[in-house]
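In: would you be able to build a 3D model of this:
(chains A and B)
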Amino acid sequence: MFHAAQYHFNPYALPMLATGIMTLALGVVVLIRERASFSSLMFCVMTLTGAIWLLGYGMMYCAVTDSVALAWAKLAYAGVVCIPAAVYHFSVAVLRIAHRWTRVISAGWAVSLGFLGTLPTTTWLVDGLYRHWWGPYPKFGWLGGVFLGYFFVMMVASLRRHYWAAYRVSREDMVYRRRAQLFLIAFGIAYLGSFDYLPQYEVALYPFGYLPVFAFVVLSAMAIWRYRLMDITPALAARSIMDTMTDALVVLDAAGVIQLANPAACRLFRKPEAKLISTPLASLPYPWLSRSQLEGLLAQGVIQDHEITLLGNQDQGGIQTLSVSASVLWDQGRTPLAVVCIARDISRRKQLEQELDRYFNESLDLLCIASFDGYFKRLNPAWERVLGFTTQELMAKPYLAFVHPDDRATTLAQARKLTAEGLDTVTFENRYQCKDGSYRWLAWTSKPLDKPQLIYAAARDITERKRTEGQLKQAYEELKHSHRAMQGAQSQLMQSHQALKETQLHLIRAAKLESVGRLAAGVAHEVKNPLVIILMGVNYLSKRLDTTDEHVGMVFQDIKQAVRRADTIVKGLLDFSAPKELQLTRGDLHAVIEQALLLLKHEMDRTHVSVVRDLAAEAPRLDMDAGKIEQVFVNIFLNAIQAMPAGGTLTVRTTCRRVTPVTTNGSARRRDETILVEVDDTGPGIAEHAMPKLFDPFFTTKPTGQGTGLGLAVSKGIVELHQGIIEIANRPEGGARVTIMLRANGGEGDGEKADPDRGRRGEPRARLEIPA
Amino acid sequence: MDDEESLARVLKYQLEETGLYEVQTERRGTAALEAARQFKPDLILLDVIMPDIDSTEVAAQLHSDPTLQWVPIVFLTAITKREEAADRGGQIGGNPFLAKPVEMDEVVACIERHVLA
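Out: Coordinates of the predicted model:
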């Protein structure tokens, strides 16, 4: 049987062998793919019986001798007799009704095994061989008919199971139905293979049963690939869900004893599954449900989101919060069967919630959630603290009612930006009313939420800041004000500084003049003695030299003249440096002027100068040092005369008028009656370059020997001692004009008219101008 | 009496030339006082500025001397200011003064006026 010589090549055997191998391969692949599930195991058994038949027949066709062929035929029949039982068993298994047909299955297998038992020793079923044209073929014995009966009964039974499942049983499971339909077709086709029984009754028709079996293999492969043998049922999913879920799950029986625990539960209780099973839940260190709760649950049927807090059980800060849900399963008689408990660890969520709540409740800022329709929905306690209103009071009215009337428009506009214009964030400030009627400034940051339509906003009480800002602003204004005042003071200081500088310049000039005066006085005194000696000497010599030589007399006269000139200069110097004291007496100015003119009459006659008097009708009377004033006029008249060596007109004009003289520092002096004296000449006038120096001592424009350069300097000193003003200007029509202004009644009638000290107490500027 | 020797000298020459006066000159105040007590002059011409003692002091001492008590004193001064003249001359009781520079004629006239008076 196992010798190659016993076999020869028979082409009719090839399809049998190929189909057999394919059938066997299908069974093995399904078994592997379905992870040896019950259905796949039965499928494999079924394919194995088919494969034994096909392979056995294939080998039988190839056998050379009858004995070998008969052995293969009996071996093949070992598979054939099992086919009805295997098909039936697989059918009820895949339709998940095996538990209802166990007796039929057992009976089927018993009958098949009975047939199998006859094969080795008897010829009841296989009784020799036929030699058909395609090869040897088994001949049925007397049991063949019985077997065929059994075969077809089982065939019908199997098809019936599938038919019912596919079309008659009302089940929603489409996979189940489609699979049953496909198997109905596949088995229907496969049973066409029973054609192969005909040649066993000597009918010489080629047994093509392998073709339907091949079709069956293809169809069932398709069905299994598409719908699988095993259903994905809640039961199937349940285990997987239990194993992978993060929530802890235990199933208790009615007595509260754990019957089922998933890995999460094991982690939670820190016990292996084996130790949890059959342990009463209540006996665990941290039971999810107390016994009373369990009893309540059994009566009620369900518990949802029952929160329990476990202390010191876990690493997470020692506190763990579980949310337990439980439901009771009853049997048909409403007897509690089991309790399914699921515990979810919500510690993290709880902690976050608490943190959020703490943040919300203890925030110093005013936090709120407002609806788009203008009401507060949620407020934190800071509101009550800041405004004094209770949360209920604040939520009872639209929030705009609490906004300061002046700020309502802007608040509304800002809210509209969020609700209507879709802005992401707005920040603004407004005032909210407090319970006591006052207002607090709040600085807002608001954000909208579209669904549901809410505004989330945070406000900060900036009343103090506002107040500080106001104070700062005021302080700034005050500072600005004082700055301005300081600037004013500074400019005043600068003015006084300027005035001081001027005064200093005057002082320097005065000091200069004073030293010049002192020097002059010293020199004058020392010069006088030599002059006396010269004069005495000339007197003596002119008497002793009794000569008729007129040249000698002329020289003596010249010497005397020179001495007198020198004496004049010395006198001028002494005048200039004389102490500043006035011998004030009330007198007539016109009389003084006339006296001066009289003194110069001879000089005027000599140079043909005529005098024009344009004097005031009323003689001006004033307190003056008449001698000194006379000296002034003599000086001025002499200047005028000397300016007109070829004759001319000297005009003296006096007017009395009220004027407001202006001092050099610009401030108005008190109104006063002033006597104005103008002395005009018809000379050439004064050269422009000489103008600033006119009053300087020793400045003169006259030829040598004619002027000392002291006349105007002395005159200015005298006029200013009288608190008067002297000015010199060129007249537009030619010639020079000297103007002297004198105060007529320097005491305003307060009795100091005759005060001899008045000159000393004159205006500072006047004193400073005068060399002491 | 004048510290300017040349002035004193020319005055002495001119006055002695008239034949009417005998003149003695001194250059110092102390010497002048001594000379005056011996010489017994009819008039003393006294320069205001003296090198050793003040002319007012000289005048005061001359006037306190019983022998010279009635001798007129005429000051010769380079100071022409009335105020100063008043301060100086006035202090010794209205003694007259001659302001330098002065012509001989004036000096003679002044001497004659006081001596003959």
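
In: and the spatially most central residue of chain B, helix, strand or coil?
Out: Centroid-nearest residue in chain B, with CA atoms, centre = their mean: residue B:45, separated by 1.5 Å. Judged by DSSP: H, G, I helix; E, B strand; the rest coil, the three-state class of residue B:45 is strand.

In: pretty sure residue A:622 contacts residue A:589?
Out: Yes: counting by CB atoms under 8 Å, residue A:589 is a contact partner of residue A:622 at 6.2 Å. To be clear about C-beta, it is placed using only N, CA and C from the backbone, and glycine gets the same treatment.

In: okay, and the common contacts of those two?
Out: Common neighbours of residue A:622 and residue A:589, counting by CB atoms under 8 Å, 6 or more residues apart in numbering or on different chains, are A:675, A:742.

In: ok, now which ones touch residue B:26?
Out: B:1, B:8, B:32, B:35.

In: about what we covered before: from what I see, the residue nearest to the centre of chain B and residue B:12 are in contact.
Out: No: using CB under 8 Å as the test, residue B:45 is too far from residue B:12 to be in contact (10.1 Å).

In: what sits opposite the residue nearest to the centre of chain B in the beta ladder?
Out: residue B:74 (DSSP bridges).

In: identify, from the contacts of residue B:26, the entry nearest to residue A:556.
Out: residue B:8 (21.9 Å; CB to CB).

In: where's residue A:444, which helix or strand?
Out: strand A:439-449 (DSSP states H and E).

In: what's the closest non-adjacent residue to residue B:28?
Out: residue B:52 (5.2 Å; CB to CB, 6 or more residues apart in numbering or on different chains).

In: now for the one you found: which residues touch it?
Out: B:28-30.

In: any idea how far chain A is from it?
Out: 17 Å (CB to the nearest CB, to the nearest Å).

In: where along chain B do the helices fall?
Out: With DSSP state H, the ranges of helices along chain B come out as B:5-17, B:29-39, B:55-64, B:82-91, B:104-116.

In: is the helix or strand where residue A:530 lies anywhere near chain B?
Out: Residue A:530 is part of helix A:463-544 when elements are defined by DSSP H and E. Yes: on the criterion CB under 8 Å from any CB of the partner chain, helix A:463-544 is in touch with chain B at A:524-525, A:528-529, A:531-537, A:539-540, A:543-544.

In: quick one, the following helix or strand past that helix and helix A:463-544 angle?
Out: Per DSSP H and E, the first helix or strand lying C-terminal to helix A:463-544 is helix A:550-576. If you take axes from the mean of the first three to the mean of the last three CA atoms, to 10 degrees, helix A:550-576 sits at 160 degrees to helix A:463-544.

In: quick one: helix A:550-576 to chain centroid distance?
Out: Taking CA atoms, centre = their mean, to the nearest Å, the mean C-alpha location of helix A:550-576 is offset from the chain mean by 101 Å.

In: so what does it touch, helix or strand wise?
Out: Contacts defined by 3 or more CB pairs under 8 Å, 6 or more residues apart in numbering or on different chains; DSSP states H and E place helix A:550-576 against helix A:463-544, helix A:711-721.

In: for the residue most central in space within chain A, helix, strand, or coil?
Out: Nearest residue to the geometric centre of chain A (CA atoms, centre = their mean): residue A:427, 11.3 Å. Recorded secondary structure, residue A:427: strand (three-state DSSP).

In: ok, now the one 4 residues further on?
Out: Following three-state DSSP, residue A:431 is assigned to strand.

In: contacts only, for the nearest residue to it once chain neighbours are set aside.
Out: Leaving aside its sequence neighbours, residue A:431 sits nearest to residue A:404 (CB to CB, 6+ apart; 3.6 Å). Residue A:404 is in contact with A:430-433, A:439, counting by CB under 8 Å, 6+ apart.

In: which positions in chain A make contact with chain B?
Out: Residues of chain A lying close to chain B (CB under 8 Å from any CB) are A:524-525, A:528-529, A:531-537, A:539-540, A:543-544, A:563, A:567, A:571, A:574, A:578-579, A:581.

In: now the buried members of the residues of helix A:463-544 next to chain B.
Out: Buried by 16 or more other CB atoms under 10 Å in any protein chain shown: A:524-525, A:528-529, A:531-537, A:539-540, out of the residues of helix A:463-544 next to chain B.

In: can you list those residues in CSV and add distance to residue A:81?
Out: Shown next, in CSV, are these (distance: CB to CB, whole Å):
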residue, distance to residue A:81
A:524, 179
A:525, 181
A:528, 185
A:529, 187
A:531, 188
A:532, 191
A:533, 192
A:534, 192
A:535, 194
A:536, 197
A:537, 197
A:539, 200
A:540, 202
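
In: among these, find the lowest-pLDDT one for me.
Out: Taken together, those show their lowest pLDDT at residue A:525, with 72.

In: do you know how far it is from residue A:445?
Out: 98 Å (CB to CB, to the nearest Å).

In: and if you look at residue A:593?
Out: Going from residue A:593 to residue A:445 by CB to CB gives 95 Å.

In: which one of the two has more residues nearby?
Out: Legend: neighbour count by other CB atoms under 10 Å in any protein chain shown for residue A:593 and residue A:445, higher for residue A:593 (21 against 14).

In: shaky segments in chain A?
Out: A:170-172, A:230-233, A:311-318, A:513, A:546-547, A:577-580, A:658-672, A:704-707, A:745-772 (pLDDT under 70).

In: got the contact list for the closest residue to residue A:742 other than its chain neighbours?
Out: Leaving aside its sequence neighbours, residue A:742 sits nearest to residue A:724 (CB to CB, 6+ apart; 4.2 Å). When contacts are counted by CB under 8 Å, 6+ apart, residue A:724 touches A:740-743.

In: likewise residue A:397?
Out: Here residue A:397 is in contact with residue A:375 (CB under 8 Å, 6+ apart).

In: list the buried residues in stretch A:733-740.
Out: Quick answer for stretch A:733-740 (16+ other CB under 10 Å): A:735-738, A:740.

In: identify the farthest-apart pair in the residues you listed.
Out: A:735 and A:740 (16.6 Å).

In: tell me how far the ends of stretch A:153-173 are from each other?
Out: 29 Å (CA to CA, to the nearest Å).

In: what residues sit buried inside that stretch?
Out: A:154-155, A:157-159, A:161-163, A:165-166.

In: do the same with stretch B:53-69
Out: B:55-56, B:58-59, B:61-63, B:68.

In: so what's the residue count around the closest residue to residue A:302 other than its chain neighbours?
Out: Leaving aside its sequence neighbours, residue A:302 sits nearest to residue A:327 (CB to CB, 6+ apart; 4.6 Å). Residues within reach of residue A:327, counting by other CB under 10 Å, total 15.

In: then residue A:615?
Out: 16.

In: from residue A:211, how far out is it?
Out: When residue A:615 is compared with residue A:211 (using CB to CB), they lie 171 Å apart.

In: how about residue A:65?
Out: Relative to residue A:211, and taking CB to CB, residue A:65 is found at 28 Å.

In: which elements pack onto the helix or strand hosting residue A:652?
Out: Here residue A:652 sits within strand A:648-659, counting by DSSP H and E. Under the contact definition 3+ CB pairs under 8 Å, 6+ apart, strand A:648-659 sits against helix A:589-599, strand A:609-614, helix A:626-643, strand A:672-680.

In: which of the ones you listed sits most buried?
Out: Across the helices and strands packed on strand A:648-659, averaging neighbours per residue (mean count of other CB atoms under 10 Å in any protein chain shown) puts helix A:626-643 on top, at a mean of 22.

In: give me the contact list for it.
Out: So helix A:626-643 is in contact with A:575, A:582-583, A:585, A:587, A:589, A:592-593, A:595-597, A:599-600, A:603-604, A:607, A:609, A:650, A:679-681, A:683-684, A:702, A:706-707, A:711-712, A:714-715, A:718-719, A:721-722, A:726, A:735-736, A:738, A:740, going by CB under 8 Å, 6+ apart.
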